[in-house]
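Asks: here is the input, now give the coordinates:
(chains A and B)
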Amino acid sequence: MRYQEVRAAIEAPIQTAFGALSPAVPVFFDNITAAPANATTEYVKVGVEFGLTTEQTLTTNLDRIRGSIVIRVYTEKGQGPARNQTLINTAVTTLTSLSASTRQATGIYLRPGVINGPTLSTTETSPHLVGRIDTGFMAEDAGP
Amino acid sequence: MATVLSGTSGALYYKPAGTSGTFTAADVTNASNNIKVGTYLNFKVNDKVSFGTGGGTLPAGLSAATDVFIKTYAAATGIATFSATAGGTELALTNDGTDGTSAFTIDFAEFQSVGNVRSWSFEVTREEIDVTSIGQSLAQTSPFRTFIAGFADGSGSAEVYFTDDDTTIASRLIEDVIQREQAGATFKLYMDQVLSSGTVDDTKSRSIELKAVLTSASYSVNPDDAQTVSVSFRPLQAPTFDLTKS
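Replies: Residues are numbered from 1 along each chain as shown, chains lettered A, B, ... in the order given. Model (predicted):
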């Protein structure tokens, strides 16, 4: 079970999708300390959590990876939701394309589940409107 | 204070369907080191098998006391060759043997643990025979019927995870439902599996052993759950109940 490869299967296409926008929107993943706490620019934060990663049988455990993905999009506050939802759409499109992935003889096979959101929120202390989507995922590791 | 056993104290062991056959000396071709053990059985390469003499003498090279392995088996002809070790060289048969009062037997030698089993269940039922006497004197309360217990029967099922490894005994269990010749299919259902020095100690374990016919396989696929197959079976004859530790 290769957790890092599973994480990469989620993060890489999101990084690519936001990097391809003009202008590119920076994406910060788990444990990336460069995330700008009070930046005035747009950015995206992606969180990947693993949940149940095995199935139990009477005599052993079998691999079956499940987890959750949370994507938060930070855009300028007070300008309406349009820009935020445009960026959220990039995230949703990326997750949807992952949903269409097919299982190969080797490598990681990853499928997001039902996408929840977007929900929009603001706080007094932040200059951002935060759009959030989340979904579960399942992954199978067919080996390198 | 007694300890309630958890489900993981149990296990399911299995001998595959179609792994029991008979043959006579006429079925042995010692020049080719092969035996016609029966067509369309379900022997696989490296299956460990044992032989019975049927009161005769097995072909030289084989012994009732020594298990050997299937080296080749052609279902259409029923012809098998053997090796002394898994994947080893072909075992030489230097004569055809001598028939006894019944045919020689070949059977799957040892139970194998089915690792992908999530759960098993086995239900024993008894018939109820109504022996109520009619014409009873009426009284204040309604007369009750009278019953005696009749024949016993059983049925079982196992929920098996469907994995990407089709070489496991679990995959064989699933496939065996459509195996025409089912002789040899045998379950050993442990409620309390105790190991000694790495092997199952049946004197300290508790189990139900039954020769079975596999009656159904129910495949279940949806995006939320692990894929499972529910295999149903029923005993061919009275199971052996070992419900004590002695």
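Asks: would you map the helices across chain A?
Replies: For chain A, applying DSSP state H gives helices covering A:3-19, A:82-99.
Asks: tell me which of those lies nearest to chain B.
Replies: helix A:82-99 (9.7 Å; Cβ to the nearest Cβ). (C-beta placed from N, C-alpha, C; glycine too.)
Asks: which stretches in chain A count as strands?
Replies: Assigned by DSSP state E, chain A shows strands spanning A:27-28, A:43-50, A:54-56, A:61-63, A:65-76, A:108-122, A:128-141.
Asks: so can I have CSV of those showing distance to A:I10 and mean neighbour count?
Replies: Below are the strands of chain A laid out as CSV (distance: least, Cβ to Cβ, whole Å; neighbours: other Cβ atoms under 10 Å in any protein chain shown):
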stretch, distance to A:I10, mean neighbour count
strand A:27-28, 11, 19
strand A:43-50, 5, 18
strand A:54-56, 19, 15
strand A:61-63, 17, 13
strand A:65-76, 6, 21
strand A:108-122, 7, 16
strand A:128-141, 7, 20
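Asks: would you format those as CSV with distance to B:T101 and mean pLDDT included?
Replies: Putting these into CSV (distance: least, Cβ to Cβ, whole Å; pLDDT from 0 to 100) gives the following:
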stretch, distance to B:T101, mean pLDDT
strand A:27-28, 80, 92
strand A:43-50, 64, 95
strand A:54-56, 50, 94
strand A:61-63, 48, 93
strand A:65-76, 59, 96
strand A:108-122, 58, 95
strand A:128-141, 55, 95
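Asks: now those strands in a markdown table, with distance to chain B?
Replies: As requested, the strands of chain A are arranged in a markdown table below (distance: least, Cβ to the nearest Cβ, whole Å):
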| stretch | distance to chain B |
| --- | --- |
| strand A:27-28 | 27 |
| strand A:43-50 | 16 |
| strand A:54-56 | 5 |
| strand A:61-63 | 6 |
| strand A:65-76 | 10 |
| strand A:108-122 | 7 |
| strand A:128-141 | 7 |
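Asks: I'd like those as CSV, with distance to B:N42 appended.
Replies: Listed next are the strands of chain A as CSV, based on distance: least, Cβ to Cβ, whole Å:
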stretch, distance to B:N42
strand A:27-28, 54
strand A:43-50, 40
strand A:54-56, 28
strand A:61-63, 25
strand A:65-76, 34
strand A:108-122, 31
strand A:128-141, 29
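Asks: out of those strands, nearest to B:R206?
Replies: B:R206 lies closest to strand A:54-56 among these, at 21.4 Å (Cβ to Cβ).
Asks: what are the contacting residues of that closest one?
Replies: For strand A:54-56, contacts defined as Cβ atoms under 8 Å, 6 or more residues apart in numbering or on different chains pick out A:61-64, B:8, B:118, B:161, B:226.
Asks: between those residues, which is nearest B:T19?
Replies: B:Y161 (22.9 Å).
Asks: show me the residue at the heart of chain B, geometrically.
Replies: The residue lying closest to the centre of chain B (Cα atoms, centre = their mean) is B:T186, at 1.1 Å.
Asks: gap between that residue and chain A?
Replies: The gap separating B:T186 from chain A is 18 Å, by Cβ to the nearest Cβ, to the nearest Å.
Asks: what sits against that residue?
Replies: Residues in contact with B:T186 (Cβ under 8 Å, 6+ apart) are B:14-15, B:108, B:111, B:209-212.
Asks: now for those: which two are most distant?
Replies: Farthest pair in these (Cβ to Cβ) is B:F108 and B:L210. Separation: 14.8 Å.
Asks: among the two, which residue is more densely surrounded?
Replies: Taking neighbours as other Cβ atoms under 10 Å in any protein chain shown, B:F108 and B:L210 compare with B:F108 leading, 25 against 22.
Asks: residues contacting the more buried one?
Replies: Neighbouring residues of B:F108 by Cβ under 8 Å, 6+ apart: B:15-16, B:19-20, B:47-50, B:184, B:186.
Asks: find the nearest non-adjacent residue to it, please.
Replies: B:T19 (3.8 Å; Cβ to Cβ, 6 or more residues apart in numbering or on different chains).
Asks: ditto for B:P59
Replies: B:G97 is the one closest to B:P59 (Cβ to Cβ, 6+ apart), at 3.9 Å.
Asks: now the one you found: how far from chain A?
Replies: B:G97 is 39 Å from chain A, by Cβ to the nearest Cβ.
Asks: burial count for that residue?
Replies: B:G97 - counted by other Cβ under 10 Å - has 25 other residues nearby.
Asks: A:D141 against A:T53, yeah?
Replies: No - using Cβ atoms under 8 Å, A:D141 makes no contact with A:T53, being 10.1 Å away.
Asks: residues that sit against both of those two, list them.
Replies: Contacts common to A:D141 and A:T53, judged by Cβ under 8 Å, 6+ apart, are A:1, A:63, A:65.
Asks: residues contacting the closest residue in space to the second one that isn't next to it in sequence?
Replies: In this structure, A:D63 finds its nearest non-sequential neighbour in A:M1, 5.1 Å apart by Cβ to Cβ, 6+ apart. Taking Cβ under 8 Å, 6+ apart, we find A:M1 in contact with A:53, A:63, A:65, A:141.
Asks: quick check: pLDDT value at A:M1.
Replies: For A:M1, the pLDDT comes out at 79.
Asks: ditto for B:P143
Replies: For B:P143, the pLDDT comes out at 88.
Asks: for it, give me its contacts.
Replies: Neighbours of B:P143 in contact, by Cβ under 8 Å, 6+ apart: B:132, B:136.
Asks: and the gap between it and B:G150?
Replies: Remark: distance between B:P143 and B:G150 (Cβ to Cβ, to the nearest Å) = 22 Å.
Asks: report the contact partners of residue 117.
Replies: If you meant another chain, say so; for now it's chain A. A:88, A:131-134.
Asks: not quite, go with chain B.
Replies: With Cβ under 8 Å, 6+ apart, B:V117 has these contacts: A:57-59, B:11-12, B:158-161, B:170.
Asks: tell me the one of the residues you listed nearest B:G88?
Replies: B:A170 (25.8 Å).
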